[in-house]
Every structure is written in structure tokens, then in C-alpha cells.
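>>> What follows is a predicted protein model with its sequence.
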Amino acid sequence: MGGIPEFLTEKLKKQYGEEGYSRILAGYEAKRPVTCRINPLRTDRETADQAFRDAGISYLPVPWYEDARIIQNAREKQLQEMELYQSGGIYLQSLSSMLPPLILGPAAGEAVLDMAAAPGGKTTQMAALTGGRAQITACEKNKVRAERLGFNLNRQGAAGVYVMVEDARRLDDLFSFDRILLDAPCSGSGTLRLLNGELRTEFSKELLVRSVRTQEQLLKKAMKLLKPGHEMVYSTCSILKEENEELLFRVLPGCGGQVVPVEEEWAEKLPLLPSQIPGTLVVAPDELFEGFFVARIRKKAG
């Protein structure tokens with residue numbers, strides 16, 4: 001397959017400079033530990049941690065999220081064999097993908113939309129954050145992926161989530177939501193993997209163009225469905241400005257949307273790349289994190 005495509009190398013160097021590109025390249029080559037999230041709908045932190053110890057699994061806590069764990073001496077298969085996993089007590093999830101629900105901050109009683117929900121990591125996380133008391137609608141257009149989403153929701157005890165097998169771009173504009181999570185389909189430029197100089201994941205100009213078109217359509221629809229004065233989160237696993245900052249610059253002014261800075265103190269300790277929009281997060285790929293973009297957006301009232 002070869003290494004990083006030349007056109008992507010040029011884009012990354014132009015956006016982040018030689019030093020930033022070298023940092024990103026090192027992140028592509030890094031082998032990350034397994035990370036997981038303890039699910040309070042099925043267990044508690046003390047019980048989960050004891051199960052890890054009983055299985056001889058060592059872990060590290062995550063300072064910015066009490067339910068997250070970095071596993072030090074086991075891979076996915078060993079965790080998946082644990083009763084703790086099979087009963088929904090933990091969910092295997094990258095640290096980067098835990099960020100959007102935390103920044104969105106859904107609350108009990110709110111109507112929440114997850115626009116691209118499968119396989120369900122962020123959906124079940126939002127259910128956990130709200131104690132299962134938010135009214136969450138989870139959209140997934142692919143029937144097979146929607147079935148997988150439903151399976152994960154059931155295992156995680158997220159009983160109050162309503163799954164719609166629908167392309168979120170086609171939702172009726174009469175719907176309205178207190179909060180929306182749009183973790184948009186993207187090129188995956190933040191999650192590329194290099195092994196011995198060989199690219200292990202697909203990437204192409206066509207994928208990037210197609211992703212940007214879909215992202216724009218989804219963001220415009222999200223802004224229609226979001227209640228005035230309320231907030232949404234837009235995120236991607238891309239670090240390219242075409243899918244992130246440039247998209248927000250282009251779409252938000254015509255939709256009554258404005259970026260609300262992410263001001264959580266813990267966010268400053270993440271491995272961040274420079275962003276063209278102050279207050280948005282561009283997480284650099286490194287030995288713990290995948291590359292990721294997160295923006296909090298508010299729809300103007302009235």
C-alpha cells in the first residue's frame with residue numbers, strides 16, 4: 001500500500017508545518033494501549049477495578065474522566081473474555097472518542113440526537129452520563145450497523161435509546177432537540193496507522209471530497225434540528241482543516257451557529273495541535289490518543 005500519500009503529506013505540512021508533521025507521523029506509528037470506559041449503568045468503578053485486579057490486569061486512571069481506564073498489560077481479546085465486558089460493565093473505546101460526549105454534556109430529561117451513532121460508543125456513553133434518563137435518538141442508516149448498535153445498547157443497559165434506521169440528513173425538520181452530537185463520517189486522517197512505513201488504512205482524495213460533502217449536509221441538518229439557544233458538538237477523527245475549521249467557517253454563519261469555546265481545564269492537558277478556530281480542539285495522534293477534532297456550537301436564540 002505504501003506510506004503516507006504525497007497529497008496528504010503536503011496538506012499536513014502546509015497546515016501544521018514540518019515540526020507538526022513530524023509529530024503527527026510519530027502518532028501514526030505509535031502503538032496505543034487498549035482503553036475502556038466503565039459503564040455505571042451496569043457496574044461501579046470499585047467493582048470494575050477489582051475485576052481487573054482479579055484478572056491480573058493492570059490499569060491507569062484517566063485524570064479528566066473518572067470512568068476511563070488505560071489498560072497496561074492486556075489486549076482487546078483478553079478483556080472481551082471477561083464477564084465484566086460480556087455483561088456490559090465496560091466498553092472498549094478510544095480516549096479521543098470519549099471527548100465529544102463529555103464536551104456536549106447531556107443532562108437527564110433532555111432530548112438528545114446522535115446523528116451517526118453506530119457502533120454505539122458515544123451513544124452508550126451519553127446514556128451513562130445521564131443515568132439513562134435522557135431521551136436519546138440514535139440514527140444509523142445502515143441496517144446491519146443499526147443492528148450492531150442495538151446489540152451494544154442492550155448490553156450496556158441503555159434502554160431508553162430509540163434507534164432510527166435512517167440517514168440523519170433525511171430527518172424531518174419538524175424534529176427538535178436540546179442537544180445534538182454529530183460525530184461525522186470523515187476521512188479518518190487522524191487515525192491512520194503506519195507499520196514499518198506502510199500505511200495500514202485506506203486514504204484517498206476521493207474519500208476526503210466525499211467526506212466533506214457529507215459533513216456539510218449533516219451539519220446543516222443538525223443546525224435545523226437544534227433548538228434555538230441550545231448546543232451541539234461537531235467532531236471528526238480527522239485533523240484536516242477541510243473537514244473541520246473550514247467547514248465551520250463556511251456553514252455556521254448561514255445557520256445561526258457560533259462556536260462556543262471548550263473551556264474545561266482538563267482539555268488544556270490534551271496533546272493539542274493548533275486550531276484555526278480558538279476554543280476548538282485538534283487532538284494530535286500520539287501514544288495514547290487518536291487524532292480528533294471537537295467543536296462546541298450554539299444556535300443563536302430567537
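Yep, it's here.
>>> any idea where the helices of the stretch 151-300 of the chain begin and end?
Counting by DSSP state H, counting those that start in this stretch, the stretch 151-300 of the chain has helices at residues 205-225, 245-251.
>>> Send me the shortest one as PDB with only the CA atoms.
By that I understand helix 245-251. The C-alpha trace of helix 245-251 is given here as PDB (Å, rounded to 0.1, in the frame of the first residue of the first chain):
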ATOM      1  CA  GLU A 245     -12.400  24.600  10.800                       C
ATOM      2  CA  GLU A 246     -13.000  25.400   7.100                       C
ATOM      3  CA  LEU A 247     -16.300  23.600   7.200                       C
ATOM      4  CA  LEU A 248     -17.500  25.500  10.300                       C
ATOM      5  CA  PHE A 249     -16.300  28.800   8.700                       C
ATOM      6  CA  ARG A 250     -18.400  28.100   5.600                       C
ATOM      7  CA  VAL A 251     -21.600  26.600   7.200                       C
END
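>>> Buried residues, that helix. List them.
245, 247, 248, 251 (16 or more other CB atoms under 10 Å). Yep, even glycine has a C-beta here, placed from its N, CA and C like the rest.
>>> and stretch 60-67, how far apart are its ends?
11 Å (CA to CA, to the nearest Å).
>>> One more: stretch 84-95?
Stretch 84-95 end-to-end distance (CA to CA) = 19 Å.
>>> tell me the angle of the biggest strand by length in the chain relative to helix 205-225?
Longest strand in the chain by number of residues, with DSSP state E as the criterion: strand 226-236. Inter-element angle recorded for strand 226-236 and helix 205-225: 160 degrees (by axes from the mean of the first three to the mean of the last three CA atoms, to 10 degrees).
>>> Just the CA atoms of the strand or helix carrying residue 78, as PDB, please.
Secondary structure from DSSP states H and E places residue 78 in helix 76-80. Written as PDB, here are the backbone C-alpha positions of helix 76-80 (Å, rounded to 0.1, in the frame of the first residue of the first chain):
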ATOM      1  CA  GLU A  76      -8.800  -6.500  23.400                       C
ATOM      2  CA  LYS A  77      -9.300 -10.300  23.300                       C
ATOM      3  CA  GLN A  78      -8.400 -10.800  27.000                       C
ATOM      4  CA  LEU A  79     -10.800  -8.000  28.000                       C
ATOM      5  CA  GLN A  80     -13.600  -9.400  25.800                       C
END
